[in-house]
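Participant: this one's structure only:
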């Protein structure tokens, strides 16, 4: 083992190791559930391919599931799924990844399988398997690109955005001609060059023992030899159009409606400008509250959809992808004029505070949703390690997005979202024309009789791989039983202790059985910036419940309990109120308590809009808490008057992320 990096002190606990053969290993323990993810990234994608051999990286992704020295045929799928796990692989411009999500006691099996095909795939790779997967990939291209409406739009726009000599000019699927031209020698050379341990990052996340997991990795991967013959990809960081190729295409095809699609060249991933571009595109075209959706779909009613998304690229300018399908007899010209007008207005004025807050909250939610799963976290650790050299960047990803200012968003829009920085593709519907079917669609895989070409190869073979591990049954595991108590007012409280967490999320939830509320109490439905509360319905202790974990994971409401994350505007006598912030994801440090806020007959006397910002970054949840009366305090009585409808239907303060009623636990 060459080195060992210390664990991160903020966010998720991450350890890094490098084996003697160059394999980088990233481990992160999370004992919340008995599940673990194994993710392996190879630093090879379509940008590493050469002209005439496009699609080889994606083709080889398929070949990796065709069997190896110890696991013939479809055995990889059978062993993983038979152990209760799931698996897959994907290919992009910049990497190829393989991943398994397993029961925690079956992690060793997943490591053994990945090591077996990294070290011995060439022993089972022959022309029969190559032709079989070549036919599968060609059929995938027909199903996803050639034979579906708008199927080739992405391929065409990428080819226009990047010139012909650019490494990102072609997409990972490749062309039919290049797939046909690929030989067995091409596949063998590709594997030897790129599928080496010193060109890979392995991450294992979940309910693992880091020391034992590292021992297994050393045992199964340690003897695979490194390979130093990797050819670096061509530089794609700059794009120069000489004017010889048009940046606009108009297609008349068998599609349901007219369409306007465009790609904008945006900053490289890993830069602050790229994060600002992500916020800008979220404001402009992410969801039904976005600017372009409101303009094109709601106001002008000239399209049925409007979306603007970001394809992050680290070796070339990222791509901003716009897509809109027309409604009725609306023309593409009208849609394009409206889009240009909105982009120009956004570049001049920038986002409003509410738009910026909403976009950053959406990006934060998407990030935290991804990081809440072990497979999502394992994939992101590999991404940051492979593309940027530091997996610990994962811990600051959310904070970087939340740190973007409105002026940065405006500047990136003014610089990049312009008509001269885009490629445009338009569609016009046409009646389908009869034509001959592709004779290759149902062709069987060709089998060669060439014994020399079809013979197994000994190169890159490792003979000392131990037999597959037999894990047996895992240790019994169950959620801890909650303790149950009833407050004097009849409210049922469930408490569930989970020592694996250092933070204490609280959740109040009202069921669908609504009864008259106690005097002076009012329950409010969920709300967020820019949206008024969904419901104002009273509750009763008999039909309500409180659930918390101290410490433990966020409580997930059942489908029959939809009104979580609610807040109070009035309280019974003797109860105190306060505001506070807390971290709500694994490994994030707890935040200090913050100031309190008073009550009045009309609700809050002041809003919780000023939160501490510790070194670890801003909080991910802010809450309003209600405390029960202390000993000797009066019990529930008439209470303060309920706030009027007019005084409570206002939106939240723009700087408040989320509030909810959170009773504190008993001492």
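Facilitator: Yep, that arrived. All figures in this text were calculated on a predicted structure; none of them were measured in a lab. Numbers count the residues shown, from 1 in each chain.
Participant: Does residue 384 touch residue 391 like I think?
Facilitator: Yes. Using C-beta atoms under 8 Å, residue 384 is in contact with residue 391, at 4.8 Å. Backbone N, C-alpha and C define where each C-beta goes, glycine included.
Participant: more crowded one of the two?
Facilitator: It is residue 391, of residue 384 and residue 391, that has more neighbours when counted by other C-beta atoms under 10 Å, with 26 against 22.
Participant: Now the phi/psi pair for the more buried one, please.
Facilitator: Backbone torsions of residue 391, given as degrees, to the nearest 10, read phi -70, psi -20.
Participant: What's the per-residue pLDDT of it here?
Facilitator: As predicted, residue 391 sits at a pLDDT of 97.
Participant: which stretches of the stretch 251-400 of the chain form helices?
Facilitator: 272-285, 291-293, 332-349, 353-371, 374-388, 397-402 (DSSP state H, counting those that start in this stretch).
Participant: As TSV, those helices with mean pLDDT and distance to residue 466 would be great.
Facilitator: Converted to TSV, the helices of the stretch 251-400 of the chain look like this (pLDDT from 0 to 100; distance: least, C-beta to C-beta, whole Å):
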stretch	mean pLDDT	distance to residue 466
helix 272-285	97	44
helix 291-293	97	56
helix 332-349	97	59
helix 353-371	95	34
helix 374-388	97	24
helix 397-402	94	37
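Participant: Any idea which of those gets closest to residue 173?
Facilitator: With C-beta to C-beta as the measure, helix 374-388 is the member of the helices of the stretch 251-400 of the chain nearest residue 173 (20.9 Å).
Participant: elements contacting the closest one?
Facilitator: strand 24-29, strand 35-42, strand 96-103, strand 200-206, helix 353-371 (3 or more C-beta pairs under 8 Å, 6 or more residues apart in numbering; DSSP states H and E).
Participant: List the buried residues in that helix.
Facilitator: For helix 374-388, the neighbour count (16 or more other C-beta atoms under 10 Å) marks 374-387 as buried.
Participant: So, low pLDDT: which residues of the stretch 201-350 of the chain?
Facilitator: Within the stretch 201-350 of the chain, no stretch has pLDDT under 70.
Participant: Rebuild the buried residues of helix 374-388 as JSON lines, extending it with distance to residue 312.
Facilitator: Listed next are the buried residues of helix 374-388 as JSON lines, based on distance: C-beta to C-beta, whole Å:
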{"residue": "374", "distance to residue 312": "22"}
{"residue": "375", "distance to residue 312": "19"}
{"residue": "376", "distance to residue 312": "16"}
{"residue": "377", "distance to residue 312": "18"}
{"residue": "378", "distance to residue 312": "18"}
{"residue": "379", "distance to residue 312": "14"}
{"residue": "380", "distance to residue 312": "12"}
{"residue": "381", "distance to residue 312": "16"}
{"residue": "382", "distance to residue 312": "15"}
{"residue": "383", "distance to residue 312": "9"}
{"residue": "384", "distance to residue 312": "12"}
{"residue": "385", "distance to residue 312": "16"}
{"residue": "386", "distance to residue 312": "13"}
{"residue": "387", "distance to residue 312": "9"}
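Participant: circling back to that earlier point, need the helices and strands packed on helix 374-388 in JSON lines with distance to residue 429, can you?
Facilitator: Formatted as JSON lines, the helices and strands packed on helix 374-388 follow (distance: least, C-beta to C-beta, whole Å):
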{"stretch": "strand 24-29", "distance to residue 429": "49"}
{"stretch": "strand 35-42", "distance to residue 429": "41"}
{"stretch": "strand 96-103", "distance to residue 429": "37"}
{"stretch": "strand 200-206", "distance to residue 429": "46"}
{"stretch": "helix 353-371", "distance to residue 429": "33"}
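Participant: how about these in a markdown table, adding distance to residue 11 and mean neighbour count?
Facilitator: Shown next, in a markdown table, are these (distance: least, C-beta to C-beta, whole Å; neighbours: other C-beta atoms under 10 Å):
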| stretch | distance to residue 11 | mean neighbour count |
| --- | --- | --- |
| strand 24-29 | 10 | 24 |
| strand 35-42 | 17 | 26 |
| strand 96-103 | 22 | 24 |
| strand 200-206 | 13 | 28 |
| helix 353-371 | 9 | 18 |
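Participant: The closest residue to residue 63 other than its chain neighbours: how many residues sit nearby?
Facilitator: Once flanking residues are discounted, residue 63 sits nearest to residue 133: 5.4 Å by C-beta to C-beta, 6 or more residues apart in numbering. Residues lying near residue 133 (other C-beta under 10 Å) number 22.
Participant: so what's residue 133 up against?
Facilitator: 59, 62-63, 66 (C-beta atoms under 8 Å, 6 or more residues apart in numbering).
Participant: Look up the pLDDT of it for me, please.
Facilitator: Residue 133 is assigned a pLDDT of 93 by the prediction.
Participant: For it, give its distance to residue 155.
Facilitator: As for residue 133, its distance to residue 155 is 21 Å (criterion: C-beta to C-beta, to the nearest Å).
Participant: just residue 90 next, same as before
Facilitator: Residue 90 is 17 Å from residue 155, by C-beta to C-beta.
Participant: out of those two, which sits in the busier spot?
Facilitator: residue 155 (16 against 13).
Participant: Can you tell me, leaving aside adjacent residues, what's nearest to the more buried one?
Facilitator: residue 171 (5.0 Å).
Participant: tell me the contacts of the one you found?
Facilitator: 46, 93, 154-155, 158.
Participant: Residue 136 now?
Facilitator: By C-beta under 8 Å, 6+ apart, the contact set of residue 136 is residue 62.
Participant: Just the pLDDT for residue 552.
Facilitator: Value for residue 552, per-residue pLDDT: 34.
Participant: let me fix that: residue 493
Facilitator: Confidence score, pLDDT, at residue 493: 89.
Participant: Return the backbone torsion pair for it.
Facilitator: Torsion angles, degrees, to the nearest 10, at residue 493: phi -120, psi 130.
Participant: any idea how far it is from residue 485?
Facilitator: 5 Å.
Participant: So for those two, which residue has more residues nearby?
Facilitator: Neighbour count, other C-beta under 10 Å: between residue 493 and residue 485, residue 493 has more, with 17 against 11.
Participant: The more buried one against residue 487, yeah?
Facilitator: Yes. Counting by C-beta under 8 Å, residue 493 touches residue 487, with 6.3 Å between them.
Participant: Look up the closest residue to residue 302, ignoring the ones flanking it.
Facilitator: Counting by C-beta to C-beta, 6+ apart, residue 302 lies nearest to residue 330, which is 3.8 Å off, once chain neighbours are set aside.
Participant: Can you get me a residue count around the one you found?
Facilitator: When neighbours are defined as other C-beta under 10 Å, residue 330 has 20 of them.
Participant: just checking, it touches residue 258?
Facilitator: Yes. With contact defined as C-beta under 8 Å, residue 330 counts as touching residue 258 (7.4 Å).
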